[in-house]
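> how would this look folded up:
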Amino acid sequence: NFRFTPLDLEYVINIVDPVLLIIEDKLFSIIEPLVTSLKWLDKCICIGESIPQGMISYENFISNNSSLKPDIKILEEDELGIYFTSGTTGVPKPILYTHRSLYTTAVSNGFTIPLLPDHNSIIYCPLYHTATFFFWLPCLFVGGKGTILQRFSPHYLLKTIEIEKGTEVNIPMPHCVDIINANERGEIRVEDYDLRSWRLINTGAQPYSPEILRKLANLFPHVGVQHGFGISEGGGATITLLPPNELFKKLGSVGKPSVLIDIRIVDSNGNDVKPGEKGELIIRTERMMKEYYKNPEATKEALREGWL
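Numbering: from 1, shown residues only. Next up, the predicted model:
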């Protein structure tokens, strides 16, 4: 996370206890104050041209290792990785995923959206956000690809879609506004870009103004605009999806459950509520986390009888 302060990074490292650290040279300043306390690391690997003293060049690291597939049997239940929540209700919590979690997420999102082999996900939102990574993951499963941008501007995004034949992109609401305003001010002209390959705009992670969604749909009439809802503990985006053909029929809705996800709406006692009554949305799916890493109390509170 490039937005981490040294204190944020120290908090994460103390929980995860990594033996290998990989960092880009441009971000070394974040970790520099902690270098003296990272004695337990086996290796510190740096990507880039300016390699700090004591670190190993990424190019040297991969060139000095075998390209053969490791003879290691991996089971679906094996632990795969840790994502940290955004910390909306407190400090970020570490979420432990298994291989089954991410495999199921890829299948679930891939069938829900759905994706085709020519899919090219244009990625500029941070990969440490589950909405970004879990939209990219299924396109790899169908033989598609992802094109990573290192910065955003309305022109840069649209030009990349034109050149790379992008088919789908996640656009946060502030950037939807940027694109709409840039076109209205004459800073860009949407008709100047060849966007025939573009099929989907993913929105979500926050409520979107109906006015913004309508302007976005009018600006790109051949592109489907869909709205998703997700939670990192449940396998990120998309737990539910409001597809393009229903977007303006059910404005304000988060849509229907994605493939391989069971959903209930319950009261404070865990009983299903009747249609039209208020309640809490809970989910059950093999996409969801195994646990909050090293936090059995929080895990017990979040996961009840298989429901999140």
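> isn't I188 up against K159?
No: the pair I188 and K159 fails to qualify as a contact (Cβ atoms under 8 Å) at a distance of 9.3 Å. Quick note: C-beta positions are derived from backbone N, CA and C, even for glycine.
> neighbour-wise, which of those two wins?
A count of neighbours by other Cβ atoms under 10 Å puts I188 above the other of I188 and K159, at 19 against 15.
> Three-state assignment for that one, please.
coil (DSSP: H, G, I helix; E, B strand; the rest coil).
> what of the one 3 residues further on?
Here E191 takes the helix state, with states given by three-state DSSP.
> tell me the pLDDT of it.
pLDDT, E191: 96.
> try W40
So W40 comes in at 63 (pLDDT).
> next one: the one 5 residues further on
Looking at I45, its pLDDT reads 89.
> what about it, which SS state?
Under three-state DSSP, I45 falls in the strand class.
> got it, and the one 5 residues further on?
The local conformation at S50, judged by three-state DSSP, is coil.
> got a list of what it touches?
By Cβ atoms under 8 Å, 6 or more residues apart in numbering, S50 lies in contact with D25, F28.
> hmm, try it at 7 Å
By Cβ atoms under 7 Å, 6 or more residues apart in numbering, the contact list for S50 reads D25.
> all further residue positions should be reported with the first residue as 26.
Yes, from this point I'll number from 26; that puts the last item at S75.
> can you give me phi and psi for it?
Torsion angles at S75 (phi, psi; degrees, to the nearest 10) stand at phi -100, psi 100.
> over to the one 4 residues further on?
Here is the backbone geometry of G79 (degrees, to the nearest 10): phi 90, psi -10.
> would you enumerate the residues in contact with it?
By Cβ under 7 Å, 6+ apart, the residues touching G79 are C69.
> show the pLDDT at it.
79.
> what packs against the helix or strand containing Q251?
Element membership for Q251 (DSSP states H and E) is strand 249-256. Helices and strands touching strand 249-256, as assessed by 3 or more Cβ pairs under 7 Å, 6 or more residues apart in numbering; DSSP states H and E, comprise strand 225-229, helix 235-244, strand 261-267.
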